[in-house]
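Undergrad: Sequence unavailable; structure follows:
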């Protein structure tokens with residue numbers, strides 16, 4: 001009997017599954033049994049796999065779509081039933097380096113205190129760029145922190161990244177650990193299920209690590225087109241459930257305050273930008289968390305994304321010479337933050353304007369010109385758009401006159417004075433383009449107090465219910 005069971009979770013990904021399996025049968029290590037866990041696909045995935053590979057691949061058919069959490073959990077349970085020493089979980093759109101399994105097995109063989117090891121996950125469409133390489137949990141801000149995401153692969157990255165969790169798009173797990181830690185929370189349906197699995201393994205005293213020489217390439221997780229509010233619903237609902245379940249008791253009040261403030265700010269921005277589908281889905285996710293609704297969301301809670309011109313996009317139309325200032329106390333520390341801030345802004349400037357120049361003022365920015373050029377170079381490397389980014393000219397003088405000037409700030413709700421006709425904009429692309437916007441965001445603090453008064457007792461009840469085990 002082979003000591004490794006490999007389980008690919010699939011939903012309507014026939015072509016990707018075949019590529020994944022091909023890469024598995026090119027592995028330097030071939031002592032494994034291979035399963036496709038199919039979530040009631042309608043694209044004849046199982047038939048396609050059988051036609052190409054015959055009995056070399058086992059199929060587990062779920063009668064309905066159980067999501068990534070349910071699909072992977074069926075694989076974990078089968079792996080424990082079969083008595084494998086190691087269980088590998090893979091997304092269907094993964095292609096593995098030829099020695100990935102060999103490296104992961106060797107690492108677990110030689111590090112008995114490691115319970116789960118993840119691969120270095122690369123972006124398939126940008127094969128030298130990291131998508132995921134070990135992640136962390138912030139129990140003060142109650143959020144996840146991605147490790148090395150969108151960085152270029154290089155010798156500067158660690159060989160082993162010990163971390164809080166690894167995504168189950170490509171992991172190898174010591175099966176004995178699962179007997180004590182438990183498997184995946186199927187009622188997540190998708191998202192945060194792998195975070196909870198890793199965290200439970202860590203609670204058993206085992207280390208969690210990502211392995212640099214075990215490389216895989218992942219198509220998902222970097223798709224440019226967002227067609228629905230699906231990710232918003234599940235990320236928010238399951239994130240709230242996870243932290244409510246695992247934070248220390250002394251942090252419960254802080255959790256409720258920070259989460260409600262964050263959600264209110266998002267709702268306030270969504271409404272101003274006209275993104276009512278995101279506004280509604282966020283309310284649905286919060287309400288379902290409060291009432292213990294788990295599993296697959298009701299169909300009417302996942303809404304299509306509506307294409308529209310946001311106030312920001314309207315402001316930049318026809319502008320050819322734009323200046324972006326960094327405001328005091330807003331100095332992004334990581335290239336990832338620079339990426340988030342600029343890629344959306346500059347891609348839209350490029351799309352809406354045929355000719356333009358952009359000046360970036362460093363007068364109030366903590367970066368030197370050399371540091372900024374280095375980080376901006378990384379942003380250009382990470383650009384996945386077919387449209388090139390516009391020219392950015394670094395400058396400490398005014399270089400004017402300008403068609404438009406942006407002042408970058410942490411969040412526009414914190415703005416205390418108007419600079420109109422110049423525009424405040426934050427990292428979420430909320431902006432103050434008019435006196436109406438200025439008045440709207442200045443009323444945010446009053447609205448937040450009302451929102452918090454309504455939801456704080458409901459949140460407190462939900463958290464205590466979860467911590468008592470009423471909602472698993």
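TA: On my side now, so go ahead. Not measured: the values here are computed from a predicted model.

Undergrad: pLDDT score assigned to residue 145?
TA: In this model, residue 145 is scored at 89, pLDDT.

Undergrad: Now name the helix or strand holding it.
TA: Following DSSP states H and E, the helix or strand that holds residue 145 is strand 143-146.

Undergrad: tell me which residues form a beta bridge with the closest residue to residue 422 other than its chain neighbours?
TA: The spatial neighbour of residue 422 that comes closest, neighbours along the chain excluded (Cβ to Cβ, 6 or more residues apart in numbering), is residue 405 at 4.3 Å. Bear in mind the C-beta positions are built from the backbone N, C-alpha and C, glycine included. Counting by DSSP bridges, residue 405 is bridged to residue 323.

Undergrad: which of the residues in the strand holding residue 145 are buried?
TA: Using 16 or more other Cβ atoms under 10 Å as the test for burial, strand 143-146 gives 144, 146.

Undergrad: shouldn't the residue nearest to residue 422 be in contact with residue 325?
TA: Yes: assessed by Cβ atoms under 8 Å, residue 405 is found in contact with residue 325 at 6.7 Å.

Undergrad: For residue 75, see how far away residue 175 is.
TA: Per Cβ to Cβ, to the nearest Å, residue 175 is found 11 Å from residue 75.

Undergrad: Between those two, point out the one with more neighbours.
TA: Remark: of residue 175 and residue 75, residue 75 carries more neighbours, 25 against 19, as counted by other Cβ atoms under 10 Å.

Undergrad: Can you get me a residue count around the residue nearest to residue 422?
TA: The burial count for residue 405: 20, using other Cβ under 10 Å.

Undergrad: Residue 442 versus that one, what's the distance?
TA: 21 Å.

Undergrad: Give me the common contacts of residue 175 and residue 75.
TA: Counting by Cβ atoms under 8 Å, 6 or more residues apart in numbering, the contacts common to residue 175 and residue 75 are residue 87.

Undergrad: Below-threshold pLDDT in the stretch 201-350 of the chain: ranges please.
TA: 221-225, 327-350 (pLDDT under 70).

Undergrad: how about a cut-off of 90?
TA: 220-227, 307-350 (pLDDT under 90).

Undergrad: show me where it has helices.
TA: All helices of the stretch 201-350 of the chain, identified by DSSP state H, counting those that start in this stretch, fall at 230-246, 252-273, 276-290, 311-316, 335-352.

Undergrad: which ones are touching residue 171?
TA: 88-89, 116-119, 194.

Undergrad: try it again with 7 Å
TA: Listed by Cβ atoms under 7 Å, 6 or more residues apart in numbering, the contact set of residue 171 reads 88-89, 116-118.

Undergrad: for the biggest strand by length in the chain, packing partners?
TA: Ranked by residue count under DSSP state E, the longest strand found in the chain is strand 207-218. Strand 207-218 is packed against strand 94-96, helix 100-110, strand 114-123, strand 160-163, helix 193-203, with contacts defined by 3 or more Cβ pairs under 7 Å, 6 or more residues apart in numbering; DSSP states H and E.

Undergrad: and residue 58, which of the ones you listed is closest to it?
TA: Residue 58 lies closest to helix 100-110 among the helices and strands packed on strand 207-218, at 17.2 Å (Cβ to Cβ).

Undergrad: Could you give me the buried positions within that closest one?
TA: 100-105, 107-108.

Undergrad: How about stretch 59-71?
TA: 60, 62, 65-71.

Undergrad: Could you give the separation of that stretch from the chain centroid?
TA: 22 Å (Cα atoms, centre = their mean, to the nearest Å).

Undergrad: Check stretch 124-142 too.
TA: 8 Å.

Undergrad: What lies in contact with it?
TA: So stretch 124-142 is contacted by 95, 118, 120-123, 144-153, 157, 161, 163-167, 210, 217-219, 221-222, 243, 247, 251, 255, 258-259, 382, 384 (Cβ under 7 Å, 6+ apart).

Undergrad: and residue 19, how many residues sit next to it?
TA: 17.

Undergrad: Tell me where the model's unsure across the stretch 351-472 of the chain.
TA: Using pLDDT under 90, the stretch 351-472 of the chain drops low at 351-411, 414-419, 422, 425-429, 469-472.

Undergrad: all helices of it, in order?
TA: So, for the stretch 351-472 of the chain - with DSSP H, counting those that start in this stretch - the helices run 369-382, 435-442, 444-467.

Undergrad: These: which one's closest to residue 40?
TA: Per Cβ to Cβ, nearest to residue 40 of the helices of the stretch 351-472 of the chain: helix 444-467, 29.4 Å.

Undergrad: Excluding its own residues, what touches the closest one? List them.
TA: Contacts for helix 444-467 (Cβ under 7 Å, 6+ apart): 241, 244-245, 252, 256, 260-261, 264, 268, 289-290, 292, 413, 471.

Undergrad: Just the buried residues of it, please?
TA: Buried positions in helix 444-467, judged by neighbour count with 16+ other Cβ under 10 Å: 444, 447-448, 451-452, 455, 458-459, 462-463, 466.

Undergrad: Closest to residue 34 out of those residues?
TA: Once Cβ to Cβ is applied, the member of the buried residues of helix 444-467 that ends up nearest residue 34 is residue 466, at 36.9 Å.

Undergrad: Quick check: the gap between that closest one and residue 434.
TA: 43 Å.

Undergrad: helix or strand for residue 130, which one?
TA: strand 126-132.

Undergrad: Residue 173 now?
TA: strand 170-174.

Undergrad: Check which residues of that strand are buried.
TA: Under 16+ other Cβ under 10 Å, the buried positions of strand 170-174 are 170-174.

Undergrad: can you put those in CSV and add distance to residue 300 and pLDDT?
TA: Output for the buried residues of strand 170-174, formatted as CSV (distance: Cβ to Cβ, whole Å; pLDDT from 0 to 100):
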residue, distance to residue 300, pLDDT
170, 34, 98
171, 34, 98
172, 39, 98
173, 36, 98
174, 42, 98
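
Undergrad: what would the residues you listed look like in TSV with distance to residue 421?
TA: Conversion of these to TSV gives the following (distance: Cβ to Cβ, whole Å):
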residue	distance to residue 421
170	50
171	52
172	57
173	57
174	61
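
Undergrad: hey, what's the closest residue to residue 431 other than its chain neighbours bridged with?
TA: Nearest-residue entry for residue 431: residue 425, 4.2 Å, with adjacent residues in sequence omitted and distances by Cβ to Cβ, 6+ apart. Judged by DSSP bridges, the bridge partners of residue 425 are residue 408, residue 431.

Undergrad: Residue 425 against residue 404, yeah?
TA: No: using Cβ atoms under 7 Å, residue 425 makes no contact with residue 404, being 10.4 Å away.
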